[in-house]
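In: Any chance you can model this:
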Amino acid sequence: MSEKLAPDKRHSFLHNGEKVFEWDQTLEEHDLFSPVKTDSSFWTLEDDIMHITLQKRDKGQTWPSPILGQGHLDPYSTDLEQKRLMLQRFQEENPGFDFSQAQFTGSCPDPRTFMGGICSD
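Out: Modelled structure (predicted):
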């Protein structure tokens with residue numbers, strides 16, 4: 001069991017032969033909720049904090065958590081995210097219209113499947 005808690009050695013990131021930072025785990029050691037676009041996902045280091053940006057492969061999908069099995073969005077937050085994604089979809093499909101003040105009343109349909117679903121990139 002202990003061999004799964006931490007790797008044998010810390011991972012290092014080197015730049016021009018200098019160690020920039022070290023860490024214990026990699027994303028490969030975790031299962032993401034859903035596949036991501038690796039060429040559009042990246043990380044930055046700001047004020048000694050690593051920020052990871054994952055680009056969803058499937059547009060319009062609401063993730064309950066980025067890492068599988070690590071917490072979940074509550075139902076209210078899930079509904080807000082679905083509404084945000086639906087408005088984003090409407091804006092992409094109708095660039096001449098302004099949806100910035102639009103609101104949904106009641107529950108929002110799934111943006112991935114509503115009226116034929118989302119067009120792929």
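
In: Going by C-alpha atoms from here, please, whenever you check contacts or count neighbours.
Out: Will do.

In: Low-confidence ranges, this protein, go.
Out: Within the chain, the segments meeting pLDDT under 70 span 1-9, 23-30, 116-121.

In: Can you show me the helices along this structure?
Out: Secondary structure of the chain (DSSP state H): helices at 2-5, 75-93.

In: buried residues in the last one?
Out: Using 16 or more other CA atoms under 10 Å as the test for burial, helix 75-93 gives Asp79, Glu81, Gln82, Lys83, Arg84, Leu85, Met86, Leu87, Gln88, Arg89, Phe90.

In: Return the set of buried residues in stretch 54-72.
Out: In stretch 54-72, counting by 16+ other CA under 10 Å, buried: Leu54, Lys56, Lys59, Gly60, Gln61, Thr62, Trp63, Pro64, Pro66.

In: swap that for stretch 35-50, please
Out: For stretch 35-50, a neighbour-count test (16+ other CA under 10 Å) marks nothing as buried.

In: what's the first-to-last distance across that stretch?
Out: 21 Å (CA to CA, to the nearest Å).

In: same question, stretch 10-19
Out: First-to-last residue span, stretch 10-19, CA to CA: 12 Å.

In: What separation do you get for the residue most central in space within the chain and Phe90?
Out: Closest residue to the average C-alpha location of the chain: Leu54 at 4.6 Å, with CA atoms, centre = their mean. Leu54 sits 22 Å away from Phe90, taking CA to CA as the criterion.
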